[in-house]
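Asker: structure of the sequence below:
(4 chains)
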Protein chains: 2
Amino acid sequence: MGDKRAELEQVAIDAIKHSGISSVSFRTLAETVDVKSSSVHYHFPTKGDLVESVVRRYSEDFSSELLRIQREHRTLRRRLVALIEIFEEVSADSEMCLCGSLAADVHTLNDASKRLLRDFFATTESWLITVIEDAGSDAIKGLKTHQFAALLMASLEGAGLLHRAIGDAKHLNAVRQLVKAMT
Amino acid sequence: MGDKRAELEQVAIDAIKHSGISSVSFRTLAETVDVKSSSVHYHFPTKGDLVESVVRRYSEDFSSELLRIQREHRTLRRRLVALIEIFEEVSADSEMCLCGSLAADVHTLNDASKRLLRDFFATTESWLITVIEDAGSDAIKGLKTHQFAALLMASLEGAGLLHRAIGDAKHLNAVRQLVKAMT
DNA sequence: GCATACCTACCTATAGATAGATAGACTGCT
DNA sequence: AGCAGTCTATCTATCTATAGGTAGGTATGC
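Answerer: Coordinates of the predicted model:
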């Protein structure tokens, strides 16, 4: 059960990461997984429902990744580099963070989805603060922990956006260098 | 002459900064400046032409601003803070950088517009490199000049994106703190 | 026999774009 | 000076494609 549904979600996720929510229509989605558009409406009554499901699933998967990083790496630098590498991998496929991509189209989202977006960024920044504090309160020179977390969040989303738009990896690379310089 | 045309461009710029190119239609544009949609097509035959004009105009205005900053401020820190303040001002109106906004929808743009976008980011980063080098080669600790420029570009666009999406100024603030910490 | 997961067929709204008409201003010839 | 031709900026009316969404039917399987 839930086979086509999961497939639809995954295709929608990839499409949004690649070119935004406006590139996702019930028809293209349906064609890709070989059903009719009304069947997509069966699983996701409105486009708002689709986006909600997709953000929820993406956020869960992303949180798992953060936990995995925390488990597999012990130093702050390695943990942050591992996070950057996630962004580099999606960039390598001409994609970007799903939530960053949706953030650009936030005016088309319903309230529930907006809340989920906010939660995604808040959760990710909380994780950043946790791993920074875990490395000792003086881990970052010149910036408060929450400021460094916010800076990384903005840099990663911005660098991902620019990479997808102009195909240049230098911005993500610069974030990597920042982490090496400050940890 | 050129009255309605300039008006149309300005309305389009504001709309894109506020909610992206997909929020701009020939009809809404026409209604806002009180003409018919076919008259918009008279000035801008296709949507691609409109976007090209708009990016060209925005890039020119932005370059003027960069020159003004260079003229009005002498230290690196003041210059960078002045740049950040431009981003803070547009964020205060729930808008973001036009080119950052268009970057999110790059797949809908024609080749000419893509090139103009690329040029905008390249020009802005060149300016950053110039003002950093102007302050002496050891102005930034731990990062190469071009890396710091790329980092600022990504942070500013990312912070602008996040501000518009979730209405939080902390990311732009973090960029400001970074500049204070590193200059 | 009812829920699940799909289908056909359709509706309405909006998008970008085009054809062809018109009113008024500018240009240049006689 | 006056008229013909042309350019500019707009209009009305319409086309085609695509969007999200809905009503109602059908096959499968617990």
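Asker: check contacts around A:Ile21.
Answerer: A:51, A:101-102, A:105, A:108-109 (C-beta atoms under 8 Å, 6 or more residues apart in numbering or on different chains). To be clear about C-beta, it is placed using only N, CA and C from the backbone, and glycine gets the same treatment.
Asker: in space, not sequence, find me the middle residue of chain A.
Answerer: A:Cys97 (3.3 Å; C-alpha atoms, centre = their mean).
Asker: filter the contacts of A:Ile21 down to the buried ones, ChimeraX style.
Answerer: A single ChimeraX command selects the buried members of those (16 or more other C-beta atoms under 10 Å in any protein chain shown):
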select /A:51,101,102,105,108,109
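Asker: so which of the contacts of A:Ile21 is the closest to B:Leu143?
Answerer: A:Ser101 (27.6 Å; C-beta to C-beta).
Asker: any idea how far the closest one is from DNA strand C?
Answerer: For A:Ser101, the distance to DNA strand C (C-beta to the nearest atom of the strand, to the nearest Å) stands at 20 Å.
Asker: doesn't A:Ile16 make contact with that residue?
Answerer: Yes. Contact criterion C-beta atoms under 8 Å: A:Ser101 and A:Ile16 qualify, at 5.3 Å.
Asker: any idea which element the residue of chain A found nearest chain B lies in?
Answerer: Per C-beta to the nearest C-beta, A:Gly158 is where chain A lies closest to chain B, at 2.5 Å. According to DSSP states H and E, A:Gly158 maps onto helix A:145-166.
Asker: hang on, the earlier thing: and the residue of chain A closest to chain B, how far is that from B:Glu60?
Answerer: A:Gly158 is 23 Å from B:Glu60, where distance means C-beta to C-beta, to the nearest Å.
Asker: what values do phi and psi take at the residue of chain A found nearest DNA strand D?
Answerer: Distance from DNA strand D to each residue of chain A (C-beta to the nearest atom of the strand) is smallest for A:Ser25, at 3.1 Å. The phi and psi values for A:Ser25, taken as degrees, to the nearest 10, are phi -120, psi 160.
Asker: neighbours around it, how many?
Answerer: A:Ser25 is flanked by 14 other residues according to other C-beta atoms under 10 Å in any protein chain shown.
Asker: likewise A:Ala82?
Answerer: Neighbours of A:Ala82 (other C-beta under 10 Å): 16.
Asker: and for A:Phe26?
Answerer: The burial count for A:Phe26: 18, using other C-beta under 10 Å.
Asker: quick one: it from A:Thr130, how far?
Answerer: Using C-beta to C-beta, A:Phe26 is found at 39 Å from A:Thr130.
Asker: please flag which of the contacts of A:Ile21 sit within strands.
Answerer: Per DSSP state E, strands hold no members of those.
Asker: pick the one among the contacts of A:Ile21 closest to A:Asp168.
Answerer: Closest to A:Asp168, out of all of the contacts of A:Ile21 and judged by C-beta to C-beta, is A:Ser101, at 17.6 Å.
Asker: now do the contacts for the closest one.
Answerer: By C-beta under 8 Å, 6+ apart, the neighbours of A:Ser101 are A:16-17, A:20-21, B:104.
Asker: could you work out the most separated pair of these?
Answerer: Among these, A:Lys17 and B:Ala104 lie farthest apart (C-beta to C-beta), at 11.9 Å.
Asker: so, low pLDDT: which residues of chain A?
Answerer: Applying pLDDT under 70 to chain A flags the ranges A:1-2, A:137, A:139.
Asker: write out the residues of it neighbouring DNA strand C.
Answerer: A:1-5, A:30, A:34-39, A:42-43 (C-beta under 7 Å from any atom of the strand).
Asker: the longest helix along chain A packs against which elements?
Answerer: If you go by DSSP state H, chain A has its longest helix at helix A:47-72. Judged by 3 or more C-beta pairs under 8 Å, 6 or more residues apart in numbering or on different chains; DSSP states H and E, the packing partners of helix A:47-72 are helix A:3-19, helix A:76-92, helix A:98-103, helix A:111-134.
Asker: report the angle between it and helix A:76-92.
Answerer: 140 degrees (axes from the mean of the first three to the mean of the last three C-alpha atoms, to 10 degrees).
Asker: which positions in helix A:47-72 come out as buried?
Answerer: Quick answer for helix A:47-72 (16+ other C-beta under 10 Å): A:47, A:50-59, A:62, A:66, A:69.
Asker: restrict those residues to contacts with DNA strand D.
Answerer: Restricting these to those near DNA strand D - C-beta under 7 Å from any atom of the strand - leaves A:Lys47.
Asker: before we move on, back to that, same drill for A:Lys17 and B:Ala104, tell me which one is more crowded.
Answerer: Shown here are A:Lys17 and B:Ala104; by other C-beta under 10 Å, B:Ala104 has more neighbours (27 against 22).
Asker: which phi and psi does the more buried one have?
Answerer: Dihedral angles (degrees, to the nearest 10) for B:Ala104: phi -70, psi -20.
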